[in-house]
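> Sequence first, then the predicted structure:
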Amino acid sequence: MRMMIRDILTKNNFEVAGEATNGDEAVSKYIELKPDLVTLDITMPGMDG
């Protein structure tokens, strides 16, 4: 699913700044990269909600 979303975004001229495999990694990347937009799975491993 992550690859499909990345492909859709890049084909529509969006830059994918980062990807994460769990909630903790997602929070770290968010702090580091400060993106304008975040898409995520609400039931990511390590965190939910």
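That came in fine, so what should we check first?

> Who are the contact partners of the closest residue to Val27 other than its chain neighbours?
With sequence-adjacent residues excluded and distances taken as CB to CB, 6 or more residues apart in numbering, Val27 is closest to Met47, at 7.6 Å. Just so you know, the C-beta spots here come from the backbone N, C-alpha and C atoms, and that holds for glycine as well. Counting by CB atoms under 8 Å, 6 or more residues apart in numbering, Met47 makes contact with 22-24, 26-27.

> Just the closest of those to Leu37, please.
Ranked by distance to Leu37 (CB to CB), these are led by Ala26 at 13.3 Å.

> What's the local residue count around the residue nearest to that closest one when sequence neighbours are not counted?
Distance criterion CB to CB, 6+ apart; nearest residue to Ala26, sequence neighbours excluded, is Ala20 at 3.8 Å. As a burial measure, Ala20 scores 18 neighbours (other CB atoms under 10 Å).

> what's the answer for Ala26, then?
For Ala26, the count of nearby residues is 19 (other CB under 10 Å).

> how close does it get to Met47?
Using CB to CB, to the nearest Å, Ala26 is found at 8 Å from Met47.

> One more: Asn13?
Distance from Asn13 to Met47, by CB to CB: 30 Å.

> where in this structure is pLDDT low?
Where the chain drops to pLDDT under 70, the residues are 48-49.

> Spatially central residue in it, please.
Taking CA atoms, centre = their mean as the criterion, Glu19 is the residue nearest the geometric centre of the chain, at 4.6 Å.

> Which helix or which strand is home to the residue nearest to Ala26?
Assessed by DSSP states H and E, Ala20 sits outside every helix and strand.

> Just to check, it is in contact with Glu32?
No - using CB atoms under 8 Å as the test, Ala20 is too far from Glu32 to be in contact (10.7 Å).
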